[in-house]
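Asker: Show me the folded form of this:
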Amino acid sequence: MLLALLLVLLVFARPAVASPIPETPDGDPPPTFTGEAWTPAPVFAAPAPTHPFMAPNQRSNIHSDAFQTDTNAWSGPLGNDTEVLSHYEPPGGVCGSITFNSQDQIVTTCIQLRAVRLKLFDAQTLEELASFELPPRAPSTNPFQDFAGGGYFYLDSQDRAVVPTTERHVLVIGLENGEFTVVEDYDLTADIPSGSKIISALPDWSGRIWLATTAGLVAVIDPATRAVKTYDLGEVVQNSFAVGDKGDVYIVSEKALYRFEAGSDGSPVIVWRKVYDNTGVQKPGQVSAGSGTTPTLHGDGWVSITDNADPMHIVVYRRRTGREICEQAVFEKGEGSTDNSLIGAGNSLIVENNYGYTGPMATMNGQRTQPGIERVDIEPDGEGCTKVWHSDEISPSLVPKLSLSNGLVYVYTQDPEGDPDDPWFLTALDFRTGRTVWKRLTGQGIGFNNNYAPVSIGPDGAAYVGVLGGLLLVRDATPPTTQETRPKLKVRARRHGKRVRVRVRARSGGVLARVRGAKVRVGKHTATTGRRGRARIKSKGRRAVATKTGYRRGKAKVKH
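Answerer: Have a look, this model is predicted:
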């Protein structure tokens, strides 16, 4: 089987430099563009805080920020005279985990069957500017579902790529005089067993570098002393993890969701462990028999994943205690699975169905995976979940993104008719309704299959997708303008005797929700809203003013 897949990728002839991705010849291709251009309708959600040891949000890693929200404050393409540009990575290799340095250049890893390379691209032309050979991948029974050794990396606050390798090292790679150079090399061969694969690495808010292996060994590197501390879960881990701003780290295994913190000696310590529902079956579309999602931190102190029940559920937990807030079934029984992170915008979550995707063969010659993209909202009071909409678009394996600036959800789709030439489309959905707004043809054939890579929105308003042939972009003829996405606090204040009772709410994704932790001032007195978004203040002031980081200020007159 591996030989057959290798031959499929090698059917492309080696091209000249900067050639586009080859595609299947077709005398009757589908329309280049369907739908209509979109007028921006911003989605208001408080942004993830800026991580002090990572590049700014939208630039740092495959999931946009340390909270792994898969949301972007930048606008992606609106569908105005769109064009497609591609870069062929011979003989085929996904340039999937895309970051943007402070010069607005693309820093990415391009992964082939064995080779892994760190690359620098011009974001406008996709011209290759620099390349660095990383240790090769180990043989795998299914290389299209093996993300270790370069599939995940992050860009740090100094524009350096921090990459776990297949040789049990973590390399810090900077750019000097236009060339990649290793500036730090953390050797973990004495701490991680031979044959282990590091799936991902991320820093906590103190600068320690956390990592996890596919066998479930959690390790923490202290960059100052180079000391390494470990904890063995003994459970398979096949996805990246999320890092909170309170020293909290969230890792999901094929059995449970964990909250970790660093102990006094820097060792990883379990704060809580929550077992989720699990059939114990690796469904088609999953890499392991467990949750396929990187944990997502969002909203009012929540962390969310999908379980492996049938039907599958979105499950939301309180970050501090691990208490389950709600669960909501998504997709039909026997037809639902995912191996991609949820989009988390305040109280709203979006999940994609990957059921049936086991590799490129599952989408070739007119074969199609199960359709489905759904939005689930947490209730305004923070208790309970509701399914808001369902889309029948077929997005086999993309990590989707939401542009908060324009209100579009970007997915990467195939046609439901099963065209044997296998066209692929960048597809934009209305966040509020799930309606398909427009579709842009990117190309036809195996070279345009994204194979678990994300769509990444760049600072120039283009959407980038890593595909088996290399890398492509879709952009408007005129770059879109970024819109304000911070929600405004809505304040209601009433006087009762000597006290003022204040209620604070704000748009949170698609929900007008209570706001906890807002600072409210009436006259010379202040108070902080509790879990129900309320506060009591003893004051004679006539105006209530509410503030909270990530929100726009709200004001209200005090009514009697």
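
Asker: Just to confirm, what confidence does the model report for residue 140?
Answerer: Here the pLDDT value assigned to residue 140 is 79.

Asker: Neighbours of it, how many?
Answerer: Using other CB atoms under 10 Å, residue 140 has 14 other residues around it. Where C-beta positions appear, they are placed from N, C-alpha and C, glycine not excepted.

Asker: Three-state assignment for it, please.
Answerer: Per DSSP: H, G, I helix; E, B strand; the rest coil, the secondary structure class of residue 140 is coil.

Asker: Verify the stated contact: it with residue 151.
Answerer: No: with contacts counted by CB atoms under 8 Å, residue 140 stays clear of residue 151, the gap being 11.8 Å.

Asker: Distance-wise, check the residue most central in space within the chain relative to residue 395.
Answerer: In the chain, the residue lying closest to the centroid (CA atoms, centre = their mean) is residue 63, at 2.7 Å. For residue 63, the distance to residue 395 (CB to CB, to the nearest Å) stands at 16 Å.

Asker: What of residue 482?
Answerer: Distance of residue 482 to residue 395, given as CB to CB: 25 Å.

Asker: who's more crowded, these two?
Answerer: Between residue 482 and residue 395, counted using other CB under 10 Å, residue 395 has the larger neighbour count: 27 against 18.

Asker: Now do the same contact list for that one.
Answerer: Neighbour list for residue 395: 352-354, 373, 411-413, 427 [criterion: CB atoms under 8 Å, 6 or more residues apart in numbering].

Asker: between those, which is nearest residue 49?
Answerer: Residue 49 has its nearest neighbour among those in residue 352, at 25.9 Å by CB to CB.

Asker: Who are the contact partners of the closest one?
Answerer: So residue 352 contacts 338, 340, 372-373, 395, 398, 400, 411 (CB under 8 Å, 6+ apart).

Asker: Distance of it relative to residue 517?
Answerer: The gap separating residue 352 from residue 517 is 31 Å, by CB to CB.

Asker: ok, now residue 112?
Answerer: Separation of residue 112 from residue 517 (CB to CB): 47 Å.

Asker: How about residue 184?
Answerer: Distance, residue 184 to residue 517, using CB to CB: 37 Å.

Asker: what do you get for residue 69?
Answerer: Residue 69 sits 18 Å away from residue 517, going by CB to CB.

Asker: For stretch 329-339, buried residues please.
Answerer: Neighbour-count burial for stretch 329-339 flags 329-331, 335-339 (criterion: 16 or more other CB atoms under 10 Å).

Asker: Count the residues that sit near residue 365.
Answerer: Residues lying near residue 365 (other CB under 10 Å) number 11.

Asker: I'd assumed residue 419 was in contact with it.
Answerer: No: at 9.8 Å, residue 365 does not count as touching residue 419 under the criterion of CB under 8 Å.

Asker: rewinding a little: wait, what's in contact with the residue nearest to the centre of the chain?
Answerer: Contact analysis of residue 63 by CB under 8 Å, 6+ apart lists 69-70, 240, 294, 296, 341, 399, 454.

Asker: who are the neighbours in contact with residue 119?
Answerer: Residue 119 is in contact with 95, 106-110, 128, 130-132, counting by CB under 8 Å, 6+ apart.

Asker: Among residue 69 and residue 517, which residue is more densely surrounded?
Answerer: Using other CB under 10 Å as the criterion, residue 69 and residue 517 rank with residue 69 on top: 27 against 14.

Asker: ok, now how distant is the closest residue to that one other than its chain neighbours from residue 294?
Answerer: Closest residue to residue 69 apart from its sequence neighbours, by CB to CB, 6 or more residues apart in numbering: residue 344 at 4.6 Å. According to CB to CB, residue 344 and residue 294 sit 11 Å apart.

Asker: Same question for residue 158.
Answerer: Counting by CB to CB - residue 158 and residue 294 are separated by 24 Å.

Asker: Just the buried positions in stretch 358-373, please.
Answerer: Within stretch 358-373, the residues scored as buried using 16+ other CB under 10 Å are 358-360, 362-363, 368-373.

Asker: do the same with stretch 139-153
Answerer: Residues of stretch 139-153 classed as buried: 143-153 (neighbour count, 16+ other CB under 10 Å).

Asker: Straight-line length of stretch 486-501, end to end?
Answerer: 25 Å (CA to CA, to the nearest Å).

Asker: typo on my end, it should be stretch 519-533
Answerer: Stretch 519-533 has an end-to-end distance of 10 Å (CA to CA).

Asker: quick one: average pLDDT of it?
Answerer: 95.

Asker: Break down this structure into its helices, ranges please.
Answerer: With helices called from DSSP state H, the chain shows them at 2-9.

Asker: which intervals of it have sub-threshold pLDDT?
Answerer: Along the chain, segments meeting pLDDT under 70 span 1-18.

Asker: 80 instead?
Answerer: For the chain, applying pLDDT under 80 flags the ranges 1-18, 26-27, 140.

Asker: circling back: from the buried residues of stretch 358-373, which single one is nearest residue 447?
Answerer: Nearest to residue 447 among these, counting by CB to CB, is residue 360 at 9.8 Å.

Asker: quick one: the closest residue to residue 283 other than its chain neighbours from residue 486, how far?
Answerer: Take residue 283 and drop its neighbours on the chain: the residue closest to it by CB to CB, 6+ apart is residue 337, 3.8 Å away. Using CB to CB, residue 337 is found at 35 Å from residue 486.

Asker: neighbour-wise, which of residue 344 and residue 294 wins?
Answerer: In this view residue 344 and residue 294 are compared by other CB under 10 Å, and residue 344 has more residues nearby, 29 against 25.

Asker: most remote residue from the chain's center?
Answerer: Ranked by distance from the centre of the chain (CA atoms, centre = their mean), the top residue is residue 497, with 48.9 Å.

Asker: For that residue, which residues are in contact?
Answerer: Under the criterion of CB under 8 Å, 6+ apart, residue 497 has no neighbours.

Asker: Residue 359 now?
Answerer: By CB under 8 Å, 6+ apart, the contact set of residue 359 is 5, 142, 144-145, 451.

Asker: how about 10 Å then?
Answerer: Residues near residue 359 by CB atoms under 10 Å, 6 or more residues apart in numbering: 1, 5, 142-145, 284, 397, 449, 451-452.

Asker: Could I get the residues you listed in a markdown table, plus columns for distance to residue 245?
Answerer: A markdown table is the format used below for these (distance: CB to CB, whole Å):
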| residue | distance to residue 245 |
| --- | --- |
| 1 | 44 |
| 5 | 42 |
| 142 | 36 |
| 143 | 36 |
| 144 | 35 |
| 145 | 32 |
| 284 | 37 |
| 397 | 30 |
| 449 | 36 |
| 451 | 32 |
| 452 | 28 |
